[in-house]
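Student: Could you look at this predicted model? Sequence included:
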Amino acid sequence: MAKEAPPDAFGNSAREYELGRPRWPRELIERVVRELELAADATVLDLGAGTGKLTRDLVPRFVRVLAVEPDNAMREVLQEVVPEAEALAGNAAAIPAESESVDAVFTAEAFHWFASDETVAEIARVLRPRGGFAIFWNVEFGEPEPPMGDAVEAVLDEAFARGGAPGIGKVLSGAWRRPLEASAFGPVQEAETERVVVRERERWLANMLSVSSIASQSDEERLALATRLRELVPDGEYRWRIRTIAYWTRLGH
């Protein structure tokens with residue numbers, strides 16, 4: 001079996017994660033909110049919230065937003081940038097919320113790390129009857145414009161080989177669907193959107209350093225990688241076409 005990156009190293013690059021990861025597309029969030037019939041007075045929970053990349057788009061929409069994140073460094077950044085949310089230590093196997101206390105659980109770039117029968121049952125526990133569950137992923141990043149060159153690709157390939165396969169393979173495999181299909185949740189619906197994201201070199205570099213297979217490496221290895229990439233990639237703005245998918249379901253069939 002090919003080496004896989006660990007799921008628990010993101011705190012090593014919490015600041016890079018915050019700087020480099022893109023925001024979520026507003027129209028996709030609004031589609032999910034509409035489909036799940038969530039009103040402004042709803043209580044929602046962002047599970048595996050990281051630095052609050054999705055949380056910050058939930059707090060203007062809902063009266064109460066809980067943001068659950070197991071990593072202390074990630075949660076510290078979350079509390080700084082989204083102080084309106086209630087940041088809580090916890091994970092998908094032990095969500096710090098009362099049974100039937102939230103109207104919807106959201107999770108972005110995280111469900112593939114913890115999808116299991118046990119965690120899906122825990123998500124169902126905290127939801128009110130007919131409560132909603134929404135999952136967001138960025139599933140495809142096009143080639144940068146202008147191109148960065150073969151040397152950059154080779155350096156990144158070497159870094160990924162050293163750190164293990166990132167989590168996107170778990171997303172694309174569809175294995176995360178199985179615990180939902182065997183649960184109290186109904187059919188999974190989906191929608192997607194494409195957009196262009198523009199980032200200067202340092203934001204792109206921060207994003208790369210926050211990828212699981214690179215975040216899990218030593219400080220020395222990550223510093224060497226960043227130094228080499230700065231040598232190879234001219235400063236300036238780059239554009240990517242990103243495909244984002246949202247999935248949603250509700251308790252009950």
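Tutor: Everything's here; your move. Numbering: from 1, shown residues only.
Student: which residues in the protein form helices?
Tutor: 14-20, 26-35, 55-58, 72-81, 111-114, 117-126, 150-163, 168-173, 177-181, 201-209, 212-215, 219-232 (DSSP state H).
Student: Tell me the buried residues in the second one?
Tutor: In other words, helix 26-35. The neighbour-count check on helix 26-35 (16 or more other C-beta atoms under 10 Å) flags 28-29, 31-33, 35 as buried. Every C-beta, even on glycine, is put in place using the N, C-alpha and C of the backbone.
Student: In the helix or strand bottoming out on mean pLDDT in the chain, which residues are buried?
Tutor: Of all the helices and strands that make up the chain, helix 168-173 has the lowest average by mean pLDDT, DSSP states H and E, namely a mean of 80. Buried positions in helix 168-173, judged by neighbour count with 16+ other C-beta under 10 Å: 168, 170-171.
Student: Can you give me the distance of the residue nearest to residue 144 when sequence neighbours are not counted to residue 138?
Tutor: Distances taken as C-beta to C-beta, 6 or more residues apart in numbering place residue 238 nearest to residue 144, at 4.4 Å, with adjacent residues excluded. Between residue 238 and residue 138 the computed distance is 16 Å (C-beta to C-beta, to the nearest Å).
Student: check contacts around the residue sitting nearest the centre point of the chain.
Tutor: For the chain, the residue nearest the mean C-alpha position is residue 109 (2.1 Å; C-alpha atoms, centre = their mean). Residue 109 makes contact with 21, 48, 50, 53, 136-138, 167, according to C-beta atoms under 8 Å, 6 or more residues apart in numbering.
Student: Tell me, what's the model's pLDDT at it?
Tutor: Reported pLDDT at residue 109 in the predicted model: 93.
Student: Give me the distance between it and residue 135.
Tutor: Separation of residue 109 from residue 135 (C-beta to C-beta): 9 Å.
Student: quick one: contacts of stretch 224-233?
Tutor: So stretch 224-233 is contacted by 148-149, 151-152, 155-156, 159, 201, 204-205, 208-209, 214, 217 (C-beta under 8 Å, 6+ apart).
Student: Max pairwise distance over those: which two?
Tutor: Within the contacts of stretch 224-233, two members stand farthest from each other by C-beta to C-beta: 149 and 217, at 22.7 Å.
Student: Between those two, point out the one with more neighbours.
Tutor: Taking neighbours as other C-beta atoms under 10 Å, residue 149 and residue 217 compare with residue 217 leading, 21 against 13.
Student: what residue ranges in the protein are flagged as low confidence?
Tutor: Scanning the chain for pLDDT under 70 picks out 1-12, 165, 167, 253.
Student: Try it again at 80.
Tutor: 1-13, 140, 163-170, 172, 253 (pLDDT under 80).
Student: Would you agree residue 188 is in contact with residue 249?
Tutor: Yes: with contact defined as C-beta atoms under 8 Å, residue 188 reaches residue 249; the gap is 4.8 Å.
Student: anything in contact with each of these two?
Tutor: By C-beta under 8 Å, 6+ apart, the residues touching both residue 188 and residue 249 are residue 180.
Student: on that earlier part again, out of the contacts of residue 109, which comes closest to residue 113?
Tutor: Nearest to residue 113, judged by C-beta to C-beta, of those is residue 167 at 6.3 Å.
Student: Can you give me the neighbour number for residue 110?
Tutor: A count of nearby residues for residue 110, using other C-beta under 10 Å, gives 23.
Student: residue contacts, the closest residue in space to it that isn't next to it in sequence?
Tutor: Nearest non-adjacent residue to residue 110, counting by C-beta to C-beta, 6+ apart: residue 48, 3.2 Å away. Counting by C-beta under 8 Å, 6+ apart, residue 48 touches 68-70, 91-92, 107-111, 113-114.
Student: Same check on residue 55?
Tutor: 46, 49, 65, 67, 78, 82, 85.
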